[in-house]
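S.K.: pasted the sequence and its predicted model underneath.
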Amino acid sequence: MIVMGFALLLVAWRLTRRTGGWPARTLMAGALLLALGYSVVLPLYQVKVLVPLNLIMFYPNADPAAALGWHLVRMLSMNGGWLLFGLGLLLHARIFETRRDTSPQPATLPSLP
């Protein structure tokens with residue numbers, strides 16, 4: 001999982017290093033959130049440093065507020081990361097742009113009063 005987080009960050013950096021504007025910012029923000037989720041938060045859940053919210057009743061010394069806080073961090077980093085990463089890819093590929101009419105327009109003369 002750690003390698004996946006860094007790989008997503010590397011791919012996003014390679015895509016956006018020569019571009020600018022909102023597509024690059026959105027793509028990098030999503031990649032950073034995903035790198036945080038995959039490289040930090042999910043491995044901490046796997047080694048049981050962070051208590052999953054559905055198993056809080058089996059850990060008597062666990063703090064429910066901390067478990068809920070880390071659950072929200074995980075949800076925000078993963079879901080928000082994929083949302084921003086996908087939106088950044090769509091903006092980078094110019095999916096949402098409208099086509100401009102490039103056909104020649106007939107010249108109109110102004111009317112005199």
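M.R.: Happy to help now that I have it. Treat the numbers as computed from the prediction; the structure is a model and nothing was measured. Residues are numbered from 1 along each chain as shown.

S.K.: which residue ranges of the chain form helices?
M.R.: 2-16, 22-36, 42-46, 64-92 (DSSP state H).

S.K.: mind checking how far the first one is from the chain centre?
M.R.: Translated: helix 2-16. What separates the centre of helix 2-16 from the centre of its chain is 12 Å, taken as CA atoms, centre = their mean, to the nearest Å.

S.K.: again, but for the last one
M.R.: Chain-centre distance of helix 64-92: 7 Å, with CA atoms, centre = their mean.

S.K.: who does it touch, helix- and strand-wise?
M.R.: If you count contacts as 3 or more CB pairs under 8 Å, 6 or more residues apart in numbering; DSSP states H and E, helix 64-92 packs onto helix 2-16, helix 22-36, helix 42-46. Bear in mind the C-beta positions are built from the backbone N, C-alpha and C, glycine included.

S.K.: the first one now?
M.R.: When contacts are defined as 3+ CB pairs under 8 Å, 6+ apart, helix 2-16 sits against helix 22-36, helix 64-92.
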